[in-house]
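Trainee: when you get a sec, could you give me coordinates for this:
(chains A and B, ligands or ions: 2)
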Amino acid sequence: MLLSPLLAWVVPEYLLYIGNVLMMDAMLALGLDVLLGWSGQFAFAHIAFFGIGIYGTALLDMRAGVPFLLGMPLSALLAAAIGFVIALAAIRLRDVYLALATFAFALSMQWLIRTWDSLTGGPDGLRIAAPALFGIVVGTDRRAFVPMAMLLASMLAAMLHLTRSVLGRSLAAIRDSEHAAAASGIDVRRSKIAAFTISAFCAGVAGGSYTLFGSFIHPDDLGIWQLVQVLTMIVVGGSGSIGGVLLGVGLIGVLPELLRLAPAQWLVWQELAYGLILMLTVMFLPLGLRSVLRRNLRTTVPPRTRRGTPTMEHTAP
Amino acid sequence: MTALFSIRDLGMRFGGLLALDRFAMDVAPGSIHALIGPNGAGKSTVFNCVSRFCTPFAGDIVFDGRSLLAEPPHRIVRLGIARTFQNVELLDRMTVLENVLVGLTSHVPRYIDFLPGARRIAAERHAVRQAEETLDALGLLDWRHATAGTLDFGRQKVLDLARALASRPRLLLLDEPAAGLRNREIHQLDRLLVDLARQRGITIILVEHVMQLVMSVADRVTVLNFGHRITEGPPEAVRGHPAVVEAYLGRDAHA
Ligand SMILES: Nc1ncnc2c1ncn2[C@@H]1O[C@H](COP(=O)(O)OP(=O)(O)OP(=O)(O)O)[C@@H](O)[C@H]1O
Ligand SMILES: [Mg+2]
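Mentor: Ligands and ions are numbered 1, 2, ... in the order given. The predicted structure follows:
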């Protein structure tokens, strides 16, 4: 920990940039996994809340002079408030309907940002003024590194707390069986609403953190492509586990940097590569790479004696 | 003898299908009351109405003098009613211990996540101890750190029961607990059910196709067919009842 300011000083700016992006991705992915991996809700409004975080923090700073330390939490709270409202509708939906409805919301938010150009700069994008922390202007990768690390550390601490909390356990139970959860006394609707709200808040924080080192944002950066990227990280690493998500962020996050080494004409294949990785993982490794690692580490589980074949006559309990 | 639990003229429809038709049943406290009937008779639907997963269009369900129809699903266990599921609704990615901890939800105050660290940890320890007691009583303690989905089928059913028992219910609804179990396991279940009812005073409604178990443990049997009660009485009386023999004809007619 003490080393990090020192590292931030010595390491080349380019590596620090990658580090900052990875840390932002980690916050984004951890937040989405609260819905996906913890509560089993396939909701895709996340990228919109990320956008609210970026534009909110940047505009509050530039248009209203609200400093980052106030503007970022405010934007995250706004994202959380909208997430809460979305949740009230979303808890009535499930599976593909939920995915479609929430994704449609993300697209309309992208449309709103593109259209409301007097506020957001619209299709020209928005040049982000470097925010100041305690009177020190940040805005570069070198200066943003330590604040980013601190933000990520706080979010990791909060996530660890969540996984050990009764709410976290309730969400996992809902993911595995809503019927068993409800019959055990878990308020399914309330827990889902909490998950949506927390998840949106995290996305808002991740978005706000971007203004610490990013200098430009465009509505095109908030589309399906970014969503697929975050999804790939979660799925490849292993949803429902903090370690798995961080593993996925690390692996998938450095991919574009590696692809940079490839000949320029290959770059168009990049999006296809993500799509393929996502598809293959879902098909062959639904619990992510973490499940492979865990299988080799596991020792305490008694051997399974006989594989159960419960008769599934109908899906109602 | 007044009933602890009664179902009054319940009517439940799925689209055009009348799944329950003026179904009624009274359950005496401390008794094991079997609910039997052919496949598709509506037995699980009765449980799903009690759990408030289904909302009947007519009738009432009364537990301890209080109508359940005004309650949301998660309140039912708080009132003292727990259940297991026919198709084992396990929390399969969670550990065995976590499954039972979920079963304890109704005894954990809602604000616990907001308590200061030390008190939260103490509460969690207490919950874990209780969960381990339940697991020990059902012979699953050695598996407490196993992922529930990796257990064999028999143990999955026991775990489903452990989750339900952890809530210390007054009324326990069991949906085909013996299905898929081997003979030895059915004998253990037999003793367990009698023990729960006689020693711990838990009232049990038992939906079951394994007649040998029903005849051995039930104090009273209600027979359901096409959503309608065709007869009710002590096991010996129900066994030979012509309507029952007819309902089961073609399957288990000898039971
Ligand atoms: N959620 C549902 N939607 C539509 N129809 C349903 C639903 N649940 C049950 N049914 C129908 O209601 C009828 C009663 O079903 P139920 O599951 O209660 O029968 P059961 O007595 O439990 O049968 P089994 O012994 O096979 O478990 C059946 O015809 C079933 O197909
Ligand atoms: Mg059934």
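
Trainee: closest residue of the stretch 101-250 of chain B to chain A?
Mentor: B:F153 (2.7 Å; CB to the nearest CB). Placement of C-beta: from N, CA and C, glycine included.

Trainee: for that residue, report the pLDDT, please.
Mentor: At B:F153, the predicted lDDT confidence score is 90.

Trainee: can you check B:A247 too?
Mentor: B:A247 is given a pLDDT of 76.

Trainee: give me the neighbour count for it.
Mentor: 22 (other CB atoms under 10 Å in any protein chain shown).

Trainee: any bit of the helix or strand encompassing it sitting next to ligand 1?
Mentor: Under the criterion of DSSP states H and E, B:A247 resides in helix B:242-248. No. For helix B:242-248, no contact with ligand 1 is found by CB under 6 Å from any ligand atom; the gap never falls below 11.4 Å.

Trainee: in that helix, what's buried?
Mentor: B:V244, B:A247, B:Y248 (16 or more other CB atoms under 10 Å in any protein chain shown).

Trainee: if we can go back for a sec, distance check, the residue of the stretch 101-250 of chain B closest to chain A against A:S191.
Mentor: According to CB to CB, to the nearest Å, B:F153 and A:S191 sit 29 Å apart.

Trainee: more neighbours, the two?
Mentor: Higher neighbour count among B:F153 and A:S191: A:S191, with 24 against 19, using other CB under 10 Å.

Trainee: whatever residue of the stretch 51-200 of chain A ends up closest to ligand 2: which element?
Mentor: Of all residues in the stretch 51-200 of chain A, A:H179 sits closest to ligand 2, at 13.2 Å by CB to the ion. In this assignment (DSSP H and E), A:H179 forms part of helix A:178-183.

Trainee: anything in that helix near chain B?
Mentor: Yes. Interface with chain B: helix A:178-183 contributes A:H179, A:A180, A:A181, A:A182, A:A183 (CB under 8 Å from any CB of the partner chain).

Trainee: A:E13: neighbouring residues, count only.
Mentor: Neighbours of A:E13 using other CB under 10 Å come to 10.

Trainee: could you do B:Q156 as well?
Mentor: 21.

Trainee: kindly report the same for the one 5 residues further on.
Mentor: Counted by other CB under 10 Å, the residues lying close to B:L161 total 25.

Trainee: tell me the contacts of it?
Mentor: B:T84, B:L138, B:L174, B:P177 (CB atoms under 8 Å, 6 or more residues apart in numbering or on different chains).

Trainee: need phi/psi at the residue of the stretch 101-250 of chain B closest to chain A.
Mentor: Main-chain torsions, B:F153, degrees, to the nearest 10: phi -60, psi -40.

Trainee: that one and B:A178 touch, don't they?
Mentor: No. Taking contacts as CB atoms under 8 Å, B:F153 lies outside contact range of B:A178: 11.9 Å.

Trainee: show me which residues of chain B are close to ligand 2?
Mentor: B:S44, B:Q86 (CB under 5 Å from the ion).

Trainee: bridging residues for the spatially most central residue of chain B?
Mentor: For chain B, the residue sitting closest to the mean C-alpha position, by CA atoms, centre = their mean, is B:L173 at 2.0 Å. Beta-bridge partners recorded for B:L173 (DSSP bridges): B:R83, B:I205.

Trainee: near ligand 1, which residues of the stretch 51-200 of chain B?
Mentor: Counting by CB under 6 Å from any ligand atom, the stretch 51-200 of chain B sits next to ligand 1 at B:Q86.

Trainee: apply 8 Å and report the result again.
Mentor: Taking CB under 8 Å from any ligand atom as the contact definition, the stretch 51-200 of chain B meets ligand 1 at B:C54, B:Q86, B:D175, B:E176.

Trainee: got TSV for those residues, with pLDDT, neighbour count and distance to A:L77 too?
Mentor: Compiled in TSV, those are given as follows (pLDDT from 0 to 100; neighbours: other CB atoms under 10 Å in any protein chain shown; distance: CB to CB, whole Å):
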residue	pLDDT	neighbour count	distance to A:L77
B:C54	94	19	39
B:Q86	93	22	44
B:D175	96	24	45
B:E176	95	21	49
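
Trainee: so which of the residues you listed are in helices?
Mentor: Among those, no member falls in helices (DSSP state H).

Trainee: let's see which of those end up in strands.
Mentor: Cross-referencing these against strands under DSSP state E gives B:D175.

Trainee: how about the residues of the stretch 51-200 of chain B next to ligand 1, which pair is most distant?
Mentor: B:C54 and B:E176 (17.8 Å; CB to CB).

Trainee: which single one of the residues of the stretch 51-200 of chain B next to ligand 1 is nearest to A:E257?
Mentor: B:Q86 (52.0 Å).

Trainee: skipping adjacent residues, who's closest to that closest one in space?
Mentor: Once flanking residues are discounted, B:Q86 sits nearest to B:D175: 4.2 Å by CB to CB, 6 or more residues apart in numbering or on different chains.

Trainee: equivalent analysis for B:R144, please.
Mentor: B:L97 (4.2 Å).

Trainee: tell me the contacts of the one you found?
Mentor: B:V128, B:A131, B:E132, B:L135, B:R144, B:H145.

Trainee: for the residues you listed, give me a markdown table that also has pLDDT.
Mentor: Below are the contacts of B:L97 laid out as a markdown table (pLDDT from 0 to 100):
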| residue | pLDDT |
| --- | --- |
| B:V128 | 95 |
| B:A131 | 96 |
| B:E132 | 96 |
| B:L135 | 97 |
| B:R144 | 93 |
| B:H145 | 95 |
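
Trainee: what ranges do the strands span in chain A?
Mentor: A:126-127, A:132-133, A:136-137, A:216-217.

Trainee: chain B too?
Mentor: Counting by DSSP E, the strands of chain B are B:5-14, B:17-27, B:32-36, B:58-63, B:66-67, B:81-83, B:171-175, B:203-207, B:220-225, B:228-233.

Trainee: one step back: look up how far B:I7 lies from the residue nearest to the centre of chain B.
Mentor: 12 Å.

Trainee: give me the common contacts of the two.
Mentor: With CB under 8 Å, 6+ apart, B:L173 and B:I7 have common neighbours B:V50.

Trainee: which ones are touching the residue nearest to A:I242 when sequence neighbours are not counted?
Mentor: Spatial nearest neighbour of A:I242, excluding adjacent residues (CB to CB, 6+ apart): A:M159 at 5.5 Å. Neighbour list for A:M159: A:L30, A:V34, A:I242 [criterion: CB under 8 Å, 6+ apart].

Trainee: can you report how many residues lie near the residue lying closest to A:M148 once chain neighbours are set aside?
Mentor: Leaving aside its sequence neighbours, A:M148 sits nearest to A:M23 (CB to CB, 6+ apart; 4.6 Å). When counting by other CB under 10 Å, one arrives at 26 neighbours for A:M23.

Trainee: what do you get for the one 3 residues further on?
Mentor: A total of 24 residues lie near A:A26 under the criterion other CB under 10 Å.

Trainee: next: A:M283.
Mentor: Neighbours of A:M283 using other CB under 10 Å come to 8.

Trainee: please apply the same query to A:L119.
Mentor: As a measure of burial, A:L119 has 13 neighbours, counting by other CB under 10 Å.

Trainee: nearest spatial neighbour of it, skipping sequence neighbours?
Mentor: Closest to A:L119 by CB to CB, 6+ apart is A:L59, at 6.7 Å.

Trainee: would you confirm that the one you found contacts A:T120?
Mentor: Yes. The criterion here is CB under 8 Å, and A:L59 meets it with A:T120 at 7.3 Å.
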